[in-house]
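> structure, please.
(one chain, ligands or ions: 2)
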Amino acid sequence: MQSAKRKSKVIIKLGGSLIEKGRDIIRFLREYVDEKEKAPTIILIPGGGPFAEVVRNVSADMSISEETAHWMAVLAMHQYGLLLANGEIGIALVESMKEIDGAEPIRILLPYEVLKADDCLPHTWDVTSDTIAAFVANKIGEKTFIKLTDVDGIIDEKGHLIKEIYAKEMVELEEKGCVDAGLPGFLMQNRMSCTIVNGNFPNRIIAAIEGKETLCTKILAITKKF
Ligand SMILES: Nc1ncnc2c1ncn2[C@@H]1O[C@H](COP(=O)(O)OP(=O)(O)OP(=O)(O)O)[C@@H](O)[C@H]1O
Ligand SMILES: [Mg+2]
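Numbers count the residues shown, from 1 in each chain. Ligands and ions are numbered 1, 2, ... in the order given. Below is the predicted model of the structure:
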């Protein structure tokens with residue numbers, strides 16, 4: 001019988017928009033999990049960033065099918081994951097659901113194999129790394145994830161930060177903000193939530209991990225009761 005308590009898991013999608021700070025963020029998270037006794041296991045899902053941009057441009061120029069572009073874009077996430085880890089000791093790269101369940105305190109998922117093994121997401125540009133992060137979180141059994149990006153959250157048309165919004169409202173208003181177009185619908189269908197945090201502020205990242213209040217946008221799962 002296993003005596004050690006299972007650690008909780010936090011799923012963090014690290015946006016391609018943070019490419020310049022990405023490795024610093026990973027090191028900072030590594031220090032956090034090492035120093036904090038009750039820190040959760042952190043599973044990072046890389047965004048697509050400039051690697052996905054290449055796929056977008058090539059697919060537009062060369063009329064590549066959405067099917068092909070989808071897998072090329074998933075491999076763009078794979079490339080960003082490799083860049084983020086950069087071979088550093090203590091940052092594990094994992095490629096399957098079994099490996100996701102491993103022992104390392106901080107892991108970066110290279111998502112190609114996981115998506116090939118359970119190929120149920122639509123192969124369109126509406127479904128990119130944000131929806132893939134939600135999909136992986138759901139597979140792990142987590143009903144929420146943190147999206148780190150380069151803005152404070154979703155900004156409304158007047159330039160104000162939206163602190164909370166329901167996934168259903170986003171679907172109805174076709175509000176996209178800084179998330180991929182498929183994410184609100186996926187969250188709604190699977191009763192999931194997402195916290196969007198500016199990855200340039202370590203204190204906000206930690207607050208989000210620990211479930212404390214901070215400047216962010218929360219996309220909520222449950223619809224408002226009137
Ligand atoms: N209403 C909005 N609120 C907030 N950001 C918005 C909005 N509309 C557009 N954006 C843009 O979305 C960007 C963040 O999304 P983007 O997809 O570029 O980054 P990411 O999701 O972190 O990266 P990646 O998709 O490569 O993983 C912001 O830099 C901002 O310019
Ligand atoms: Mg994005």
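
> near ligand 1, which residues of this structure?
15-17, 47-49, 52, 129, 149-151, 154-155, 177-178 (CB under 6 Å from any ligand atom). In this view, the C-beta of every residue, glycine as well, is placed from N, C-alpha and C.

> nearest spatial neighbour of Arg204, skipping sequence neighbours?
Closest residue to Arg204 apart from its sequence neighbours, by CB to CB, 6 or more residues apart in numbering: Thr214 at 4.5 Å.

> if we only consider the residues of the chain next to ligand 1, which is nearest to Asn86?
Gly49 (14.5 Å; CB to CB).

> quick check on that closest one: phi, psi?
With angles defined as degrees, to the nearest 10, Gly49 sits at phi 50, psi -140.

> that one contacts Gly16, correct?
Yes - counting by CB atoms under 8 Å, Gly49 touches Gly16, with 2.1 Å between them.

> intersection of neighbour lists for these two?
By CB atoms under 8 Å, 6 or more residues apart in numbering, Gly49 and Gly16 have these common neighbours: Tyr80.

> what are the buried residues along the lengthiest helix in the chain?
Secondary structure of the chain per DSSP state H: the longest helix is helix 66-85. Using 16 or more other CB atoms under 10 Å as the test for burial, helix 66-85 gives 69-70, 72-81, 83-85.

> ok, which stretches of the chain are strands?
Assigned by DSSP state E, the chain shows strands spanning 9-14, 41-46, 92-94, 106-109, 144-149, 164-166, 193-198, 217-220.

> need those in TSV with mean neighbour count and distance to Ala208, can you?
Output for the strands of the chain, formatted as TSV (neighbours: other CB atoms under 10 Å; distance: least, CB to CB, whole Å):
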stretch	mean neighbour count	distance to Ala208
strand 9-14	24	8
strand 41-46	25	12
strand 92-94	19	22
strand 106-109	24	16
strand 144-149	24	5
strand 164-166	18	14
strand 193-198	23	5
strand 217-220	22	9
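
> want to throw these into CSV with mean pLDDT?
Formatted as CSV, the strands of the chain follow (pLDDT from 0 to 100):
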stretch, mean pLDDT
strand 9-14, 97
strand 41-46, 97
strand 92-94, 95
strand 106-109, 96
strand 144-149, 98
strand 164-166, 96
strand 193-198, 98
strand 217-220, 96
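
> any chance of JSON lines for those, columns distance to Leu121?
Below are the strands of the chain laid out as JSON lines (distance: least, CB to CB, whole Å):
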{"stretch": "strand 9-14", "distance to Leu121": "15"}
{"stretch": "strand 41-46", "distance to Leu121": "13"}
{"stretch": "strand 92-94", "distance to Leu121": "19"}
{"stretch": "strand 106-109", "distance to Leu121": "15"}
{"stretch": "strand 144-149", "distance to Leu121": "15"}
{"stretch": "strand 164-166", "distance to Leu121": "22"}
{"stretch": "strand 193-198", "distance to Leu121": "16"}
{"stretch": "strand 217-220", "distance to Leu121": "18"}
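
> now the residue nearest to Arg204: how far from Gly49?
To Gly49, Thr214 is 24 Å away according to CB to CB, to the nearest Å.

> quick check: Lys9 vs Asp156, distance?
Shown here: Lys9 relative to Asp156, a distance of 32 Å by CB to CB.

> Thr214 and Gly49: who's more crowded?
Applying other CB atoms under 10 Å to Thr214 and Gly49 shows that Gly49 carries more neighbours, namely 22 against 17.

> returning to that earlier point: quick one: the longest helix of the chain to chain centroid distance?
Averaged C-alpha coordinates place helix 66-85 at 14 Å from its chain's average position (CA atoms, centre = their mean, to the nearest Å).
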